[in-house]
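Undergrad: Task: produce atomic coordinates for the following.
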Amino acid sequence: MTALIEIENLTVAFRSKGREVRAVEGVSLSVEARESHGLVGESGSGKSTILRAICGMAPVTGGSIRIGGRPVPTPRGRAFSTEVQMVFQDPYASLHPRHTIDRTLSEPLAIHGLPGADARVVQALTEVGLPPAFRFRYPHQLSGGQRQRVAIARALMLKPKILLLDEPTSALDASVQAEVLNLLNRLRAEQGLTFLMVSHDLAVIDHMCDRIMVLQHGRSVEEITRDDLAHARMTTAYARSLFDASADRMLDGTTEPTS
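TA: Presented below is the predicted three-dimensional model:
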């Protein structure tokens, strides 16, 4: 079976202060349809850069990216956005502060010339657990969790197959994180979505992902399953250190496991 997302030997390099910085080097991964795949690692490990490379927001300097067996086009274009959407870390920064929720959700349909915006906006809000009246509010009138629900609704307006999730709950209070994660899991089951998810929090990854790739300094160092993670079956010292640090935070109360 052909994977829905296929990345082979991906390299992403930037010029910084006169030198080349390789943010991602030689990473390969595949994600099957309806699977949820996690990317974990310390800050600067390249995990968010991989998502941005898929979307065309970071320069691919080597390797290949295929969606549904087809190379992604450059620039990505409208057809790509009907298949792949991204949910960012900070919902307030990703929503236009002067646009109503109605305008934010209607805009993708208008760009693609799709009819039935009113009904689709109401449906999208309902799908993410928000009342239809929220369509006339502005982002500053919503809580952080409500803003992230709007961001998820916007990502789903074109009914994509794939959601790229870049730390989707790290900017939220711990009490709200589980609600948003459970919402994403429900939507994945109901709509047959495929997730590629970045997080530094192994409790979040354990709750959400079937398989996990561990990244360090832009390279893949290990790939494990959810069962491996649950039983601490890591083969590299780096992956073990991430697990131990996450367990220590949970014991200290600085990270709460999702429910």
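Undergrad: Any stretches of the chain with poor pLDDT?
TA: Counting by pLDDT under 70, the chain has low-confidence residues at 1, 248-259.
Undergrad: the helices in it, which residues?
TA: 47-55, 77-83, 91-94, 101-111, 117-127, 144-156, 174-191, 202-208, 226-230, 237-252 (DSSP state H).
Undergrad: Same list (those helices) but as TSV, adding mean neighbour count.
TA: Any C-beta I mention is one placed from the backbone N, CA and C, and that applies to glycine too. Converted to TSV, the helices of the chain look like this (neighbours: other Cβ atoms under 10 Å):
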stretch	mean neighbour count
helix 47-55	22
helix 77-83	15
helix 91-94	18
helix 101-111	18
helix 117-127	17
helix 144-156	23
helix 174-191	17
helix 202-208	22
helix 226-230	15
helix 237-252	15
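Undergrad: And those: which comes nearest Phe14?
TA: Nearest of the helices of the chain to Phe14, taken as Cβ to Cβ: helix 47-55 at 9.1 Å.
Undergrad: Output the helices of the chain in TSV, with distance to Gly63 appended to each entry.
TA: Converted to TSV, these look like this (distance: least, Cβ to Cβ, whole Å):
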stretch	distance to Gly63
helix 47-55	9
helix 77-83	18
helix 91-94	27
helix 101-111	29
helix 117-127	35
helix 144-156	26
helix 174-191	27
helix 202-208	24
helix 226-230	26
helix 237-252	22
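Undergrad: what's the closest of those to Arg219?
TA: Across the helices of the chain, Arg219 has its closest neighbour in helix 237-252 (10.3 Å, Cβ to Cβ).
Undergrad: if I look at the closest residue to Leu105 other than its chain neighbours, how far off is Pro132?
TA: Among residues not flanking Leu105 along the chain, Val121 sits closest, at 4.6 Å (Cβ to Cβ, 6 or more residues apart in numbering). According to Cβ to Cβ, to the nearest Å, Val121 and Pro132 sit 8 Å apart.
Undergrad: Please apply the same query to Ile205.
TA: According to Cβ to Cβ, Ile205 and Pro132 sit 33 Å apart.
Undergrad: Great, nothing more from me.
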